[in-house]
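Trainee: no FASTA, just this:
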């Protein structure tokens, strides 16, 4: 998506260690007008799929998912990070490894909000190694629901997550795929 | 706001200890169509105010704030909860006491996104003792920006937060004010 790529070139900041900061428009300050254009693009890319729910994970996915859900006319569920696995019978639980923060955290979602009738679009801001998405897919599987697709704002194409997801045969639509970030701050996007 | 009050009566669950669960439409699963109606109501209530930014706090405020921001045509900043005060020079920091979770946490916001030119509408899902809002107001004050108003989905009118905020002369618009929750599950709303 050219609009997003241009915005990343303009306002994204490349830091050592393949860090791409987009906190001025994606994950701290949120440019809602940009999110609306992203939502319209996902609507086009997932046209014809019987999506009735959007799933994301707190915190930085929630804003994008909310605007996407408005475009699709469906509710959003956000999975919650939890200090400790909640061993009650009311929640689906999974465990996600965060390489960014160097720790493992548990993620929960109430069983009330997802069942085998549901057709889910997963939305998140970033895809790198794929751990968060695999966790969300695991929650959907626990519920017996169907993952209709995954919409990502920015994929780091040089990490493994995208390949892992695509090899599963899931429709993954990353609106910008960064194949390389150079020390001079330039960014190479994959042709789509 | 009648629509929200009716929804709380229909889908809200009263639990012992004055707990009101609204996780089926507000803070776990999010009803975006309802959020749009709430956003329109805030737009009406804050008409004429020179609001150019919306501020909220992760995680459950983000979805409501994003939809409200779309209605106002402005960006959102969400303040981030932090394990430890970040003593760098890039962030405004404040400390918030959470009675729900029985702990104190630090909240940070990048200095890049708020300055003395900004006119801020603060949005959150719940107002009870007011600690979270006072923390957000503290961040706005650090930035030298102006709080133009506060929009809340559900205020617990029997707790102190609403009075504390209103005594400061700030326009506080809570779309539903719960004055009492009874053991039989009935809810008394304040006439507005």
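Mentor: Structure's in. What do you need? Model, not experiment: these values are computed from the prediction.
Trainee: Same question for the closest residue to residue A:138 other than its chain neighbours, what's its three-state structure.
Mentor: Residue nearest to residue A:138 in three dimensions, not counting chain neighbours: residue A:94, with 4.4 Å by C-beta to C-beta, 6 or more residues apart in numbering or on different chains. Every C-beta, even on glycine, is put in place using the N, C-alpha and C of the backbone. What DSSP: H, G, I helix; E, B strand; the rest coil gives for residue A:94 is strand.
Trainee: just checking, residue A:94 touches residue A:139?
Mentor: Yes. Using C-beta atoms under 8 Å, residue A:94 makes contact with residue A:139 at a distance of 5.5 Å.
Trainee: Who has more neighbours out of these two?
Mentor: residue A:139 (23 against 20; other C-beta atoms under 10 Å in any protein chain shown).
Trainee: Which neighbours do residue A:94 and residue A:139 have in common?
Mentor: residue A:107 (C-beta atoms under 8 Å, 6 or more residues apart in numbering or on different chains).
Trainee: Tell me which residue lies nearest the centroid of chain A.
Mentor: residue A:124 (1.7 Å; C-alpha atoms, centre = their mean).
Trainee: Excluding sequence neighbours, find me the nearest residue to that residue.
Mentor: Per C-beta to C-beta, 6+ apart, closest to residue A:124 is residue A:61, 4.4 Å.
Trainee: The biggest helix by length in chain A packs against which elements?
Mentor: As assigned by DSSP state H, the longest helix anywhere in chain A is helix A:32-45. For helix A:32-45, the elements it packs on are helix A:2-11, helix A:62-72, strand A:146-156, strand A:172-181, helix B:62-72, judged by 3 or more C-beta pairs under 8 Å, 6 or more residues apart in numbering or on different chains; DSSP states H and E.
Trainee: can you redo the ones you listed as a markdown table with distance to residue A:41, mean neighbour count and mean pLDDT?
Mentor: Listed next are the helices and strands packed on helix A:32-45 as a markdown table, based on distance: least, C-beta to C-beta, whole Å; neighbours: other C-beta atoms under 10 Å in any protein chain shown; pLDDT from 0 to 100:
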| stretch | distance to residue A:41 | mean neighbour count | mean pLDDT |
| --- | --- | --- | --- |
| helix A:2-11 | 8 | 15 | 98 |
| helix A:62-72 | 9 | 26 | 98 |
| strand A:146-156 | 9 | 23 | 98 |
| strand A:172-181 | 6 | 20 | 98 |
| helix B:62-72 | 16 | 26 | 98 |
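Trainee: want to throw these into CSV with distance to residue B:30?
Mentor: Shown next, in CSV, are the helices and strands packed on helix A:32-45 (distance: least, C-beta to C-beta, whole Å):
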stretch, distance to residue B:30
helix A:2-11, 24
helix A:62-72, 6
strand A:146-156, 17
strand A:172-181, 22
helix B:62-72, 5
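Trainee: Among those, single out whichever gets nearest to residue A:53.
Mentor: helix A:62-72 (8.5 Å; C-beta to C-beta).
Trainee: Report the strands that pair with the helix or strand in which the residue nearest to the centre of chain A is found, each with its relative direction.
Mentor: Here residue A:124, judged by DSSP states H and E, is contained in strand A:119-127. Paired strands of strand A:119-127, with direction, are strand A:53-57 (parallel), strand A:146-156 (parallel) (DSSP bridges).
Trainee: on that earlier part again, residues in contact with the residue nearest to the centre of chain A?
Mentor: A:56-57, A:61, A:64-65, A:132-133, A:136, A:150-153.
Trainee: same thing but at 7 Å, please
Mentor: Residue A:124 makes contacts with A:56-57, A:61, A:132-133, A:152, as judged by C-beta atoms under 7 Å, 6 or more residues apart in numbering or on different chains.
Trainee: Run the chain-centre distance for the longest helix of chain A.
Mentor: From the chain centre to the centre of helix A:32-45 is a distance of 14 Å (C-alpha atoms, centre = their mean, to the nearest Å).
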